[in-house]
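S.K.: Kindly generate the corresponding structure for this input.
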Amino acid sequence: MATSAEAVSAAAKRRIDIDPYLENFARRGPDGRKNRNVLTESVDEMKKSGLMRAFVPKKLGGLEVTPQEFFEAQIKIAEADMSTAWIAGVISVHAFQISLMDEQAQRDVYGEDPDTLVSSSYNPVGGKTEVVDDGIMLSGRWGWSSGSEHCSWVLLGAIVPGEGNRTFLVPRSDYRIEDTWFAMGLEGTGSNDIVIEEPVFVPHYRTHKQMDGFNCLNDQENPLYNLPWAQAFARVVSTPAIGAVKHALRLFIDHASTSSTDPTKLVGDVDILRRVAEVTDLVDRTEAILFRNFDAMLQHLQSGTEIPLIDRVRYRYQAGTVIETMVKAIDMLFDAAGGRSVFIGSEIQNIWRDIHIARSHVANNPVPFARNWGNLLMGSENQDVFI
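M.R.: Okay, here's the model as predicted:
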């Protein structure tokens, strides 16, 4: 049996290799939708691919990959199944935030298994806190904890009186999952409620202050972890839509010549040609901005310079526009997808519903982020610390 040091060394040499599993994710997608949870077999394969340890520190067996490599893998998964990509991104990115916490918190989670999975629900409204010696008592109810059934820890948001927002790292033994996820899209994400009825003790070292995330405070050697935490998280709930539209576009093109709405063959219809071109362009531009922004941020991190605040605000706004852009794209396809698309079980209809439901996530509402960017452009002060 390999020693702990040997296991860490071997893991550090691996990169994400998601390609061997993509067909499996696509094949299991309908069962995940029916069961309202991505199948365990798919989660196990994501572990094998290295994706789940993408942002776990190397000293704990992780990979410390670049955001670009991570999001490239998430887009590929979304081309197979958007729900699988959604929980893959949300669960995996939590390792980034945990890596910003005290080293003991990192070891509590990943010390024995770098593939340990953590879900989240960051909305602080449902949480109740009471500061005590060495920690905080936490209770409440939180919704939208995607992939929670596959996880043994959870990150929960709550307000600490006199301080503001904190994230609390809580083990599975201290909470229960309530089955509430009956949704019209992204059914496979299993985004159920987390409930802590009687207050539980959370030591200070298992918490993360929102302002520490804004100020990019951490003890890691790799400058990767100086990336603003919000820039990583905001993208995991929007990027899956890019891959999903790629899938829908492929379906649309494949089926265009056989659609019952046009017996003269839609491949000769100039409006169909326009839609295909415009959707392709929307995807291309959205994907290009994603990678351009992370390229720019990593250049700053690697040179030891701060990412300008106005750029952080701009990048946050651009992450918030992804879903609206992909909603426009999928609507252009669905509107001309033919009579078969109206039936339950239609692949393109499923994608249409998934993307529209993703718009419901608060991080995918671009309005407040546009307002904040406008503030800075007009010489006013920044109004958001989750950037």
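S.K.: Show me the contact partners of stretch 304-316.
M.R.: If you take C-beta atoms under 8 Å, 6 or more residues apart in numbering as the criterion, stretch 304-316 is touched by 223, 228, 230-231, 234, 293, 296-297, 300-301, 369, 372-373, 376-377, 382, 384, 386-387. Every residue, glycine included, has its C-beta placed from N, CA and C.
S.K.: can you list the domains in the chain?
M.R.: Taking automatic domain parsing as the reference, the chain has its domains at 4-110, 118-209, 227-377.
S.K.: Please tell me how far the residue sitting nearest the centre point of the chain sits from S146.
M.R.: For the chain, the residue nearest the mean C-alpha position is V236 (2.4 Å; C-alpha atoms, centre = their mean). Going from V236 to S146 by C-beta to C-beta, to the nearest Å gives 10 Å.
S.K.: so what sits against both of these two?
M.R.: Residues touching both V236 and S146 (C-beta under 8 Å, 6+ apart) are 86, 90.
S.K.: Tell me where the stretch 201-350 of the chain has helices.
M.R.: For the stretch 201-350 of the chain, helices defined by DSSP state H, counting those that start in this stretch occupy the ranges 210-214, 229-236, 239-255, 270-303, 309-320, 322-334, 347-358.
S.K.: any idea which helix or strand of this structure has the worst average confidence?
M.R.: helix 4-13 (a mean of 43; mean pLDDT, DSSP states H and E).
S.K.: Helix or strand next in line after that one, which one?
M.R.: Next in sequence after helix 4-13, counting helices and strands by DSSP states H and E, comes helix 22-35.
S.K.: what residues does the helix or strand following that following helix touch?
M.R.: Later in the chain than helix 22-35, the nearest helix or strand by DSSP H and E is helix 40-49. Helix 40-49 is contacted from outside by 16-18, 20-21, 24-25, 28, 32, 52-53, 73, 77, 84, 87-88, 92, 115, 117, 147, 150, using C-beta under 8 Å, 6+ apart.
S.K.: Quick one: low-confidence residue ranges for the stretch 101-250 of the chain.
M.R.: By pLDDT under 70, the stretch 101-250 of the chain has no low-scoring segment.
S.K.: ok, now which ones touch the residue nearest to L39 when sequence neighbours are not counted?
M.R.: Nearest residue to L39 in three dimensions, chain neighbours excluded: R28, at 4.8 Å (C-beta to C-beta, 6 or more residues apart in numbering). Contacts for R28 (C-beta under 8 Å, 6+ apart) come out as 38-39, 41-42, 81, 84.
S.K.: switch the cut-off to 7 Å
M.R.: 39, 41-42 (C-beta atoms under 7 Å, 6 or more residues apart in numbering).
S.K.: can the helices of the stretch 201-350 of the chain go into a markdown table with extra columns for distance to G185?
M.R.: Below are the helices of the stretch 201-350 of the chain laid out as a markdown table (distance: least, C-beta to C-beta, whole Å):
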| stretch | distance to G185 |
| --- | --- |
| helix 210-214 | 29 |
| helix 229-236 | 17 |
| helix 239-255 | 10 |
| helix 270-303 | 19 |
| helix 309-320 | 19 |
| helix 322-334 | 11 |
| helix 347-358 | 3 |
